[in-house]
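Chemist: One predicted model, sequence on top.
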Amino acid sequence: MSDRVADLREVDLSKPPAEGMVRVTFLPEGRTVEFAFNSLPYEGHGQPMSFLDVAVNYGIFLDHACGGVCACTTCHLHVKQGAEGTSEAEDLELDRLETAAGIELNSRLGCQAVIERPGTYVVEIPKWNRNYVQEGKPAHGPGS
Ligand code: FES
């Protein structure tokens, strides 16, 4: 994780993000991070500026079994706010999402949904992706 990223406790949620800033809240953990648009170092997980890229930069656990190449659905999340500021889903992502459990209208793959402009984003990691111990190892697999 880069030293440049601000700790989530520094985010003032009582105000909207300043001009040119991106604010992302990861639910249900409720962790919020904020950074200047396009300022994060690319960590090589998913598309640059994807939700997975942001999560990896800040040490927030979002499973990504295939390494972020749109070949699984473990990074599935629901975009609850800010969808209009994200990239359009490509056919490959849509095809992959069709195989995901609990798909909803706001479903995206975290490695493919790219933040394209400053603003506020809220994403929720579905519960079947949350059964992990803090070290990031499965406590038990989906459906178990
Ligand atoms: S990490 Fe595998 S599809 Fe996103």
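Modeler: Arrived safely, thanks for sending.
Chemist: bridging residues for residue 21?
Modeler: residue 36 (DSSP bridges).
Chemist: Could you report the pLDDT at it?
Modeler: For residue 21, the model assigns a pLDDT of 97.
Chemist: how much space is there between it and residue 34?
Modeler: Distance, residue 21 to residue 34, using Cβ to Cβ, to the nearest Å: 6 Å. Using the backbone N, CA and C atoms, a C-beta is placed for each residue, glycine as well.
Chemist: Let me see the ranges of the helices in this structure.
Modeler: 51-57, 91-97 (DSSP state H).
Chemist: Take the ones you listed and write them to JSON lines, including distance to residue 10, mean pLDDT and mean neighbour count.
Modeler: Listed next are those as JSON lines, based on distance: least, Cβ to Cβ, whole Å; pLDDT from 0 to 100; neighbours: other Cβ atoms under 10 Å:
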{"stretch": "helix 51-57", "distance to residue 10": "15", "mean pLDDT": "96", "mean neighbour count": "25"}
{"stretch": "helix 91-97", "distance to residue 10": "32", "mean pLDDT": "97", "mean neighbour count": "15"}
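Chemist: For those, give me a markdown table that also has distance to residue 29.
Modeler: A markdown table is the format used below for the helices of the chain (distance: least, Cβ to Cβ, whole Å):
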| stretch | distance to residue 29 |
| --- | --- |
| helix 51-57 | 10 |
| helix 91-97 | 22 |
